[in-house]
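Peer 1: task: produce atomic coordinates for the following.
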Amino acid sequence: MHLAVLGATGRTGRLVVEAARKRGHVVTALTRGTPPPDQNTLKWVRGDIDSRHALLETVEGQEAVISALGPTKTDLHICSAATARLIDLGVKRLVVISGAAVDAPGDDKDLIGRAVSNVVRLLSPAVFADKQKELSLLVNSDIDWTAVRPPRLTNKTSGRPIRVRLEKSPGTVIDRGTLAWLCVDVAVSHLYSRQAPFVAN
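Peer 2: Below you'll find the predicted structure:
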């Protein structure tokens, strides 16, 4: 399968690229830096989401797009901006990494889940608003999307199985490798279409 990955050089994004290639998929990745040499199953496109030409080159002809973008110090609205542009380009299948604090229709968060949402809303209002706007854009679009909502991310592999729930978070942590693998699985299998599942180890 041909997949495009945004945020491919980030801590989670590079694991998404690795997971996709290990499973035999062909990846096109967007990077703002100097791209490494292309490989048999990996093509790099230099540019960012503000460049329609670079974004189109990255996603055109792809069967699915995975966005592992996250806010930066200079751009707190990158996630919703990228998703809006991808919707406008008419991508066939879009998986975005959202967050457990984000609220979605049908949620039934427990006390801890509601507390987490409130803390994130208070401590990082711009980031929370951007992720909430991103989900709203997806819900009101006509494309096939999934917004994966992880809790706190860790770099150390836990070895624990992944858990997925639609109404509330099944845990408080997930390792980046497991999240990356799940995002690829969700993208290629069309799992949780037009839903925002919570995930955790």
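Peer 1: just the pLDDT for the most far-flung residue of the chain relative to its centre.
Peer 2: In the chain, the residue that sits farthest from the middle, by CA atoms, centre = their mean, is residue 111; the gap is 25.5 Å. pLDDT, residue 111: 87.
Peer 1: mind listing the helices for the chain?
Peer 2: Applying DSSP state H to the chain gives helices spanning 13-22, 52-59, 78-89, 111-123, 125-139, 176-189.
Peer 1: lowest-confidence stretch among the ones you listed?
Peer 2: helix 111-123 (a mean of 84).
Peer 1: mind listing what's buried in that one?
Peer 2: Across helix 111-123, burial judged by 16 or more other CB atoms under 10 Å covers 113, 116-117, 120. For the C-beta atoms, the positions are set from N, CA and C on the backbone; glycine is no exception.
Peer 1: also stretch 79-96?
Peer 2: 79-87, 89, 91, 93-96.
Peer 1: contacts for stretch 32-40?
Peer 2: 9, 29, 44-48 (CB atoms under 8 Å, 6 or more residues apart in numbering).
Peer 1: would a markdown table of these with distance to residue 179 and neighbour count be doable?
Peer 2: As requested, these are arranged in a markdown table below (distance: CB to CB, whole Å; neighbours: other CB atoms under 10 Å):
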| residue | distance to residue 179 | neighbour count |
| --- | --- | --- |
| 9 | 16 | 17 |
| 29 | 17 | 26 |
| 44 | 22 | 20 |
| 45 | 23 | 20 |
| 46 | 26 | 14 |
| 47 | 25 | 17 |
| 48 | 23 | 14 |
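Peer 1: which among these gets closest to residue 135?
Peer 2: residue 48 (22.1 Å; CB to CB).
Peer 1: list the contacts for the closest one?
Peer 2: By CB under 8 Å, 6+ apart, the contact set of residue 48 is 30, 32, 54.
Peer 1: again, 7 Å this time
Peer 2: Neighbouring residues of residue 48 by CB atoms under 7 Å, 6 or more residues apart in numbering: 32, 54.
Peer 1: same thing with residue 173?
Peer 2: By CB under 7 Å, 6+ apart, residue 173 lies in contact with 151-152, 154, 200-201.
Peer 1: returning to what we had before: so of the contacts of stretch 32-40, which ones are in strands?
Peer 2: Those of those mapping onto strands are 29, 44-46, per DSSP state E.
Peer 1: out of the residues you listed, which one sits closest to residue 101?
Peer 2: When these are ranked by distance to residue 101 (CB to CB), residue 29 comes first, at 27.2 Å.
Peer 1: return the residues in contact with the closest residue to the closest one other than its chain neighbours.
Peer 2: Closest residue in space to residue 29, ignoring its immediate chain neighbours: residue 8 at 3.5 Å, by CB to CB, 6 or more residues apart in numbering. When contacts are counted by CB under 7 Å, 6+ apart, residue 8 is found next to 14, 17, 29-31.
Peer 1: which of the residues you listed count as buried?
Peer 2: 14, 17, 29-31.
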